[in-house]
Each structure stands twice: as C-alpha cells, then as structure tokens.
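Peer 1: Dropping the sequence and predicted coords here.
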Amino acid sequence: MGRQGARHFHLHRDFTGNLVRIVVLSPIAWRDRAEVKREARIYAGPTVVVSVLGPIGYILVLFAMRIAPISHIAPARELATLAGAYMGSKLLSERTTPERIIGAVCIVVGVVSLSFAR
Amino acid sequence: MEYERPISGDFEAVCGLADEAILAAIRATLERRGRAPNDLNAYLLHASHEMGSFVGGLRPRDGLIGANGLRPFPQTSASIPAGKRRDFCRLRNLALRHRHPDHRTRRVLLLRPRRRTPPGTSPQSGCGRRTALRVALFAVGSALLYLPIILWICIQARPHFEPRHYVALAATSVLHLGYSLSLQADIEARTSHSSIRLPAALVPCCPSSAPFYCWRTTDGPVGPRAGAHRRRILLVSGLTASPIARRQRHLLRPFDWGVYCVLHPE
C-alpha cells in the first residue's frame, strides 16, 4: 500500500462498510419505501447525528491504533459498553443491578491497569 | 407494536376512532351478529408525546359493551368470561379512549393484538424490517456525508491498494454489516440489557479481530515477538501443546501462565 493509501485506509474502510450496507439492505428498503420515508422524517435528527458521529468515532479509533499500542486502544474501546449501560439506565429505564455495577467497575479497573502496564 | 421512545411512567393508549361511520358499522354488526371484531390503530401517549403505536383487535361482544356504543368498562379481568380472558391485553395502565363528537371520553378495555395480523405487522417481522431500514438509513446518511471527503482523497492522494487490502476491506465490511444488524435488532427487540447488547454484538468480530490485534501488538509479522504470538494463538486453538518458549513482559502473559499450568500441572 502506498503511503497515501495507508494514511487514509481507515476512511476507506468505514466508507466501504457503509457502501456494503447500502447494497445489501437497499432491496429491503426499496420494498418498503413509505416506511423509509416515515423513518427518515421521524428520525431525521438522530440519523444525522449518528451518521456524523458514528464514522468519526470509528475513524478516530483506527487512527489511534496507528499511533498507540493496540493493547491499550482495544480495551479502552470497550468502554463503549459502559456508555451503553449508562444510557440504557438513564434513557431506557433499565435496571442497574449490583452485578452490573461490579462488572462496570471491573472494566474500568482493567482499562486503568492496562494503561499502567509496561 | 412499534416503539418510538422509551416510556418512564404511566401512559395512555389512545385509539383514534374518529370516523363515526366506522363506529356505526361496529354498532350495526354488534346488533346483528352479537359481536363485532375490528382492528384499530392505537397510540401510546406519555407526557403529551407519542411513544409508540400498535394494531389492536377490538372485539366488543353483546352484553359486555352496550348497544349504545363503547360504554365505560372495568379494567380488571374479573368481569370478563373465563374463556375470553386470554383475549384481553395484560398491560396495566392502559385505557382505550375514544372521543365522541359530544366530547365525552369513554373507556373500554384494550384488547391484545389479534393473532392473525396482516403481513408485516407481526412483532417479529416488523422488528426485522425496521432493523434493516434503520441500518440502511444510517448507512445512506454516512455515505452521503462522507462522500465528498472520500472523493477528495481519491482525486488528490490517489491511494494505491494491494489485493490483500481489498480483501481486508470486504471482510471488515461484512463483519460490520453483521455487527450493525445484530446490535440494531437487539435494540429493536429489547430482549436484553444495554450492557449485554454491545459485547454480544461484538462476538462475531472477536475471532477475526483477535489475530489482528495480536499481530498489530507485535513489531510486525516477522518481528521477534510475532513468533511467540503465533504460538499463543496455536496454543489456544489447541493445534499445539508446546508452551511459550520465551517469557516476555506482555499483557497476555498471565493468560499464558494459566494455559501452561493447565497443560503442565507438575
């Protein structure tokens, strides 16, 4: 891979993933065009936010993998589980059990421990 | 049932039976046949916002609902014949409210959705369809937003990819498709907790990403640590019983020790 190609490979990777999703899911969407319009109208704001922030998050992770050890980046990336659990608790009123809190603490402790690993 | 937003408190199910002709037809059928099944679209309201919608089967029966229309009805199932209780919705805090032209709010019992539903309206098929539609919607949005950047890169930088990179692009794209669909499907179905969804959706990616991480953690495919990592992968996969030859300061070292102690208890 050329140097320029290597520099922008993460962008191509994310964009190719979106193209594959579009190609695979287009027949389903085409069969239900009215529902697509309805979904697009109702979720216009969230769609734009997710469309912008989703690829940015993935691209930043891939970029971080190039400048930092994977052994640090990969575990830190799993903090998304904590964010998901927090959002589920706050927005979806999901139960927060002691086991889940212990699991969340273990994740944080693990990531912090990995950051100190040499 | 279609969920639009989460509901955190009490809510109402409002049925928009605004057409007086439909109500008259129900009355006529009820008087003629003693029953008048009909499908109604109901909306869940919470804090004056629509939170969801569903198609419910209204099954008024003579004697339970008066001939004058939809009269107030108890929300407990005690007054319902035992053989018919299973037909009624088990959700609490639900009230099917119909506003007559005279602005009198009348309550009837909300019935559960009929078993025979039109194509595309069953919970399972609707969930799968919405999953695909929403993933497609996000993909289209992302592709459109980032298309100018990709085009600019392709024109200005003219990246050159080797065949193995195209293979990597295809493989990661397929894996991300599965990841997106599984995650979105679980969110739609709400079958699990949010702390379970993300790790569960990542499961298909783990077998493929683990060798990638191990390879990237080393100093290259032919570096001094690469051989040890390959041996670790082989050891974990059961292809060889040879322990790690060289001890290194590495994150997988405790895991290596555990495997070594299991294989060589002496």
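Peer 2: That came in fine, so what should we check first?

Peer 1: burial of residue A:111, as a residue count?
Peer 2: Residues near residue A:111, counting by other C-beta atoms under 10 Å in any protein chain shown, number 16. In this view, the C-beta of every residue, glycine as well, is placed from N, C-alpha and C.

Peer 1: and residue B:158, how many neighbours?
Peer 2: By other C-beta under 10 Å, 10 other residues sit near residue B:158.

Peer 1: In chain A, which residue sits nearest chain B?
Peer 2: Residue of chain A nearest chain B, by C-beta to the nearest C-beta: residue A:88 (2.7 Å).

Peer 1: That residue: helix or strand, and which one exactly?
Peer 2: helix A:80-91 (DSSP states H and E).

Peer 1: which strands and helices sit next to that helix?
Peer 2: Identification of packing neighbours for helix A:80-91 by 3 or more C-beta pairs under 8 Å, 6 or more residues apart in numbering or on different chains; DSSP states H and E yields helix A:98-116, helix B:194-202.

Peer 1: And chain B, split by domain according to the record?
Peer 2: What automatic domain parsing lists as the domains of chain B is B:2-108, B:123-217, B:226-266.

Peer 1: hang on, I meant chain A
Peer 2: A:1-67, A:69-118.

Peer 1: Reformat those into CSV and put mean pLDDT next to each item.
Peer 2: Shown next, in CSV, are the domains of chain A (pLDDT from 0 to 100):
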stretch, mean pLDDT
domain A:1-67, 79
domain A:69-118, 76
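
Peer 1: following the worst-scoring helix or strand of chain B on mean pLDDT, which helix or strand comes up?
Peer 2: In chain B, no helix or strand scores lower on mean pLDDT, DSSP states H and E than strand B:105-108, which sits at a mean of 34. For strand B:105-108, the succeeding helix or strand toward the C-terminus, using DSSP H and E, is helix B:123-156.

Peer 1: avg pLDDT for that next one?
Peer 2: Averaged across helix B:123-156, pLDDT comes to 78.

Peer 1: Which strands and helices lie in contact with the helix or strand following it?
Peer 2: Downstream of helix B:123-156, the first helix or strand assigned by DSSP H and E is helix B:163-189. Under the contact criterion of 3+ C-beta pairs under 8 Å, 6+ apart, helix B:163-189 touches helix A:9-31, helix B:123-156, helix B:194-202.

Peer 1: Nearest approach to residue A:75 belongs to which of those helices?
Peer 2: Between residue A:75 and these, the tightest spacing by C-beta to C-beta is seen for helix B:194-202, at 12.6 Å.

Peer 1: what about that closest one, average pLDDT?
Peer 2: 62.

Peer 1: count of residues packed around residue B:187?
Peer 2: Residue B:187: 21 surrounding residues under other C-beta under 10 Å.

Peer 1: same check, this time on residue A:57
Peer 2: Neighbour tally, residue A:57, other C-beta under 10 Å: 13.

Peer 1: and it, that one's in a strand?
Peer 2: No. Assignment of residue A:57 by DSSP: H, G, I helix; E, B strand; the rest coil gives helix, placing it outside any strand.

Peer 1: just to revisit the earlier point, can you put the helices and strands packed on helix B:163-189 in a markdown table and add distance to residue B:171 and mean neighbour count?
Peer 2: Formatted as a markdown table, the helices and strands packed on helix B:163-189 follow (distance: least, C-beta to C-beta, whole Å; neighbours: other C-beta atoms under 10 Å in any protein chain shown):
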| stretch | distance to residue B:171 | mean neighbour count |
| --- | --- | --- |
| helix A:9-31 | 10 | 18 |
| helix B:123-156 | 18 | 17 |
| helix B:194-202 | 16 | 19 |
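
Peer 1: between the ones you listed, which gets nearest to residue B:178?
Peer 2: Judged by C-beta to C-beta, the one of the helices and strands packed on helix B:163-189 that comes nearest to residue B:178 is helix B:194-202, at 8.4 Å.

Peer 1: so who does the closest residue to residue B:169 other than its chain neighbours touch?
Peer 2: Residue nearest to residue B:169 in three dimensions, not counting chain neighbours: residue A:16, with 4.7 Å by C-beta to C-beta, 6 or more residues apart in numbering or on different chains. Residues in contact with residue A:16 (C-beta atoms under 8 Å, 6 or more residues apart in numbering or on different chains) are B:169, B:170, B:172, B:173.

Peer 1: So among those, which ones count as buried?
Peer 2: Buried members of those, scored by 16 or more other C-beta atoms under 10 Å in any protein chain shown, are B:169, B:172, B:173.
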